[in-house]
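Engineer: Sequence first, then the predicted structure, then my questions.
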Amino acid sequence: LETHPIERSSDFTFTMPTNPIKVKVQQAMLTQVLSNLVENACKYSPIGSPIKISVQTESNEAVISVEDKGYGIDSEEANRIFEPFFRSAEARRRGTAGTGLGLSVASRIVHSFGGRLEVQSKIGEGSRFEVHLPLA
């Protein structure tokens with residue numbers, strides 16, 4: 001059963017800085033990246049589990065993170081999730097819908113802004129995706 005972020009609204013927490021952070025991006029494309037990360041957090045974690053979204057600065061970068069307490073990704077597969085059409089064994093086993101394109105597209109968009117998309121994950125503990133963008 002797929003869920004949509006609106007059905008999970010009580011699962012979200014947000015941490016944002018008090019001062020604006022400026023980055024040079026195309027808003028629609030950054031929105032697509034963040035939408036993909038939030039939709040994946042909803043898709044790969046059970047209803048009622050927390051999803052944390054935060055924005056902060058580190059050195060000369062803005063860092064946007066989306067963290068869930070979902071199924072997690074095997075460390076060997078985590079190295080491949082940004083490849084087009086790659087789907088984890090767990091996603092296939094669970095029958096989770098998808099084409100394996102969302103994260104590869106998101107990664108390419110972030111790279112086009114001069115940034116990078118990273119993942120930290122453990123099976124059974126969840127995943128944290130970080131978008132690193134240079135400050136404007």
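Structural biologist: Received, thanks. Residues are numbered from 1 along each chain as shown.
Engineer: For the lowest-mean-pLDDT helix or strand in the chain, buried residues please.
Structural biologist: Across the helices and strands of the chain, mean confidence by mean pLDDT, DSSP states H and E is lowest for helix 89-94: a mean of 72. When burial is assessed from 16 or more other C-beta atoms under 10 Å, helix 89-94 yields the following buried residues: 90-91. No exception for glycine: its C-beta is placed from N, CA and C like everyone else's.
Engineer: then it to PDB, C-alphas only?
Structural biologist: Backbone C-alpha positions of helix 89-94 (Å, rounded to 0.1, in the frame of the first residue of the first chain) are rendered in PDB as follows:
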ATOM      1  CA  ALA A  89      16.500  -6.300  -3.100                       C
ATOM      2  CA  GLU A  90      14.300  -5.200  -0.200                       C
ATOM      3  CA  ALA A  91      12.100  -2.900  -2.300                       C
ATOM      4  CA  ARG A  92      11.600  -5.700  -4.800                       C
ATOM      5  CA  ARG A  93      10.900  -8.300  -2.100                       C
ATOM      6  CA  ARG A  94       8.300  -6.000  -0.500                       C
END
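Engineer: Not counting it itself, show me its contacts.
Structural biologist: With contact meaning C-beta atoms under 8 Å, 6 or more residues apart in numbering, helix 89-94 is reached by 44, 71-74, 77, 98, 123.
Engineer: Distance from the chain centre to stretch 24-33, please.
Structural biologist: 14 Å (C-alpha atoms, centre = their mean, to the nearest Å).
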